[in-house]
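[1] pasting the structure only:
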Ligand SMILES: CCCCCCCC(=O)SCCNC(=O)CCNC(=O)[C@H](O)C(C)(C)COP(=O)(O)OP(=O)(O)OC[C@H]1O[C@@H](n2cnc3c(N)ncnc32)[C@H](O)[C@@H]1OP(=O)(O)O
């Protein structure tokens, strides 16, 4: 069991690429005013930073403690990945060179805002139960209704968590459908817990579900179901 977990995590690491080897883009095309330092690109952004509130730090510490016996594993997360993952998905593009150029300028969407302003999160994989928990603190730039998170921001974190769950399970997969039930508004700046799992695998199709709860587990903010499809190496994406 432990061996299969390690192998799956290796797959995830490969898909995400390894830190320290990504070439830097000449400039940041999306925001010329922002500095694009190699430190930020290569830094594991799922580690505590000064913007994290007490709930976020406590939960992170709890999951790190649970990870000590190997049953849970902290999943690192970077702003930009451009190494092995690029190689893995190259086969799905007809023009590999063009794709590589585009990727050299790309950033992971949930990691594209400055520290504390957008998506602060950390994911943990339960190797025994094969599920992923994401602890998430939504910052002030994610506002929808005044004082609450935007539905699109919630959907983003759901998609990212379910996506990680799918990738750990089967490798390169994409969201084919996502159905979200928003039950209660999530206050800006609060910490929530996203619990995700693979419910069923049918060939290349993965059916996953998740819920978002408050830290005390008393409030269910959202529930979602999704279909991810493992990419067929014979099919091109564009
Ligand atoms: C660590 C970071 C994680 C980040 C995770 C982020 C994840 C994302 O956001 S991905 C971005 C959003 N998703 C996309 O852009 C995907 C766009 N869609 C596609 O490219 C394709 O439709 C894709 C890849 C999903 C499926 O295409 P393809 O591989 O050709 O599959 P295809 O042969 O059509 O279908 C395979 C099976 O899935 C089913 N299926 C495909 N799409 C759907 C759908 N939308 N609804 C229901 N069933 C579907 C088919 O019916 C078929 O079923 P069966 O095998 O029973 O006949």
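    Yep, that arrived. Predicted, not measured: the structure shown is a model, and the values here were computed from it. Numbering: from 1, shown residues only.
[2] quick one: average confidence on stretch 154-168?
    Mean pLDDT, stretch 154-168: 97.
[3] Mind listing what's buried along that stretch?
    154, 156-168 (16 or more other Cβ atoms under 10 Å). Where C-beta positions appear, they are placed from N, C-alpha and C, glycine not excepted.
[4] What residue, apart from its backbone neighbours, is nearest the closest residue to the ligand within the chain spatially?
    Nearest residue of the chain to the ligand: residue 163, at 2.3 Å (Cβ to the nearest ligand atom). Computed as Cβ to Cβ, 6 or more residues apart in numbering, the closest residue to residue 163 that is not its neighbour in sequence is residue 175, at 6.6 Å.
[5] ok, now residue 55?
    Counting by Cβ to Cβ, 6+ apart, the residue nearest residue 55 is residue 191, at 4.0 Å.
[6] from memory the one you found sits against residue 137, does it?
    Yes: with contact defined as Cβ atoms under 8 Å, residue 191 reaches residue 137; the gap is 4.8 Å.
[7] Now do the shared contacts for these two.
    53, 55, 56 (Cβ atoms under 8 Å, 6 or more residues apart in numbering).
[8] how close does the spatially most central residue of the chain sit to residue 181?
    Residue closest to the average C-alpha location in the chain (Cα atoms, centre = their mean): residue 160, at 3.9 Å. Counting by Cβ to Cβ, to the nearest Å, the gap from residue 160 to residue 181 is 18 Å.
[9] Could you do residue 174 as well?
    Counting by Cβ to Cβ - residue 174 and residue 181 are separated by 22 Å.
[10] How about residue 65?
    As judged by Cβ to Cβ, residue 65 and residue 181 stand 32 Å apart.
[11] Could you look up the SS state of residue 226?
    Using DSSP: H, G, I helix; E, B strand; the rest coil, the secondary structure recorded for residue 226 is strand.
[12] ok, what's across the strand from it?
    Applying DSSP bridges to residue 226 gives these bridge partners: residue 178, residue 208.
[13] and it, what does it touch?
    So residue 226 contacts 158, 159, 162, 175, 176, 177, 178, 179, 207, 208, 209, 210 (Cβ under 8 Å, 6+ apart).
[14] What about residue 101, how many residues nearby?
    11 (other Cβ atoms under 10 Å).
[15] a strand runs through it, doesn't it?
    No: applying three-state DSSP, one finds residue 101 to be helix, outside a strand.
[16] and residue 113, what does it touch?
    Applying Cβ under 8 Å, 6+ apart, the residues contacting residue 113 are 119, 139, 141.
[17] what about 7 Å?
    119, 141 (Cβ atoms under 7 Å, 6 or more residues apart in numbering).
[18] re the thing from before, just the ones in strands from the buried residues of stretch 154-168, please.
    With DSSP state E as the criterion, strands contain none of the buried residues of stretch 154-168.
[19] Could you dump those residues into a markdown table and include distance to residue 203?
    Shown next, in a markdown table, are those (distance: Cβ to Cβ, whole Å):
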| residue | distance to residue 203 |
| --- | --- |
| 154 | 30 |
| 156 | 28 |
| 157 | 28 |
| 158 | 24 |
| 159 | 22 |
| 160 | 24 |
| 161 | 23 |
| 162 | 18 |
| 163 | 19 |
| 164 | 21 |
| 165 | 18 |
| 166 | 14 |
| 167 | 17 |
| 168 | 18 |
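[20] for these, which one is nearest residue 224?
    Of all those, residue 224 sits closest to residue 158, with 4.9 Å by Cβ to Cβ.
[21] Could you find the closest non-adjacent residue to that closest one?
    Closest to residue 158 by Cβ to Cβ, 6+ apart is residue 224, at 4.9 Å.
[22] try residue 177
    Counting by Cβ to Cβ, 6+ apart, the nearest residue to residue 177 once its immediate chain neighbours are dropped is residue 227, at 4.6 Å.
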